[in-house]
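what shape does this take:
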Amino acid sequence: MTRTVLFIFVFSILIALVGDVHALKTIYLIRHAEKEENWPGDREIHAMHPLNAVGLARSERWGDFFAAREGEGSIAAVYASPTTRCLHTGLPIATRTGAKLLASEATISVAEMPSFLAGLREEYAAATAVVIVGHSNTVPLLLRALGATEECDEALGISEQSYSLGIDGNAGLWIVDLTAKGCAAFTREELE
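Model (predicted):
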């Protein structure tokens, strides 16, 4: 075997063993921070429902958390549903990590979630992580679209609610390891 052929053979084996080193590795999911309680029930202005003082403080803590955890440049983008409460939750994360903040209907549309998530893997193939800010009823659906099954529900804090799957509280962080399989790919932490 010539040196060139041997080199190509060894290099091919290394690539197969290591896998794609330039691939999005992590998707973080969080629910928007606490929202103002005294907000009109009118559906036309529901998307503008703001955060309350506790929620604004929590969104700042999310920014600090991701800046300390990942550092500047590790988070490629912060996606949020096009609602005031999600965008305001994501803004400190984007600001402190240097990521871009993007509003996307696909984060709340069950029909669009699979292609949206596949698109993230393509668009951010050279990135480390992306954050998605969602709602109590969309975070579980995003987790399902990423491969979480019913067997993972208890560990992830997902429960059946009258309208859909849901989560409780505003302090949960769901970490999706795109290099792992099954329930081992999904972990849940709490922001203190």
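
all strands of the chain, in order?
Here the chain has its strands, by DSSP state E, at 26-31, 75-80, 100-103, 129-134, 159-160, 165-166, 172-177, 186-190.

can you name every helix or strand that the fourth one contacts?
Strand 129-134 makes packing contacts with strand 26-31, strand 75-80, helix 84-97 when contacts are defined by 3 or more C-beta pairs under 8 Å, 6 or more residues apart in numbering; DSSP states H and E. Where C-beta positions appear, they are placed from N, C-alpha and C, glycine not excepted.

parallel or antiparallel, list what pairs with that strand.
strand 26-31 (parallel), strand 75-80 (parallel) (DSSP bridges).

make TSV from those strands and add mean pLDDT and mean neighbour count to it.
Shown next, in TSV, are these (pLDDT from 0 to 100; neighbours: other C-beta atoms under 10 Å):
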stretch	mean pLDDT	mean neighbour count
strand 26-31	97	23
strand 75-80	97	24
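
tell me which of these lies nearest to His135.
When those are compared by C-beta to C-beta, strand 26-31 sits nearest His135, at 6.4 Å.

if we can go back for a sec, which one, of the strands paired with strand 129-134, ends up nearest to Phe186?
The closest of the strands paired with strand 129-134 to Phe186 is strand 26-31. By C-beta to C-beta, the value is 9.5 Å.

how much distance is there from the closest one to the middle of the chain?
Distance of strand 26-31 from its chain centroid, counting by C-alpha atoms, centre = their mean, to the nearest Å, is 2 Å.

contact partners of it?
The contact list for strand 26-31 (C-beta atoms under 8 Å, 6 or more residues apart in numbering) reads 62, 66, 75, 89, 117, 120, 128-136, 139, 142-143, 146, 167, 169-170, 172-178, 191.

buried only: go through the residues you listed for me.
With burial judged by 16 or more other C-beta atoms under 10 Å, the buried subset of the contacts of strand 26-31 is 62, 66, 75, 89, 117, 120, 129-136, 139, 142-143, 146, 167, 170, 172-174, 176, 178.

hmm, back to that, adding distance to Met113, write the strands of the chain out as TSV.
Shown next, in TSV, are the strands of the chain (distance: least, C-beta to C-beta, whole Å):
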stretch	distance to Met113
strand 26-31	12
strand 75-80	11
strand 100-103	15
strand 129-134	10
strand 159-160	19
strand 165-166	13
strand 172-177	13
strand 186-190	16
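
was I right to think Gly172 contacts Glu192?
No: between Gly172 and Glu192 there is no contact under C-beta atoms under 8 Å: 12.0 Å.

rewinding a little: which among the strands of the chain is found nearest to Ile45?
Ile45 lies closest, by C-beta to C-beta, to one member of the strands of the chain: strand 100-103, at 16.6 Å.
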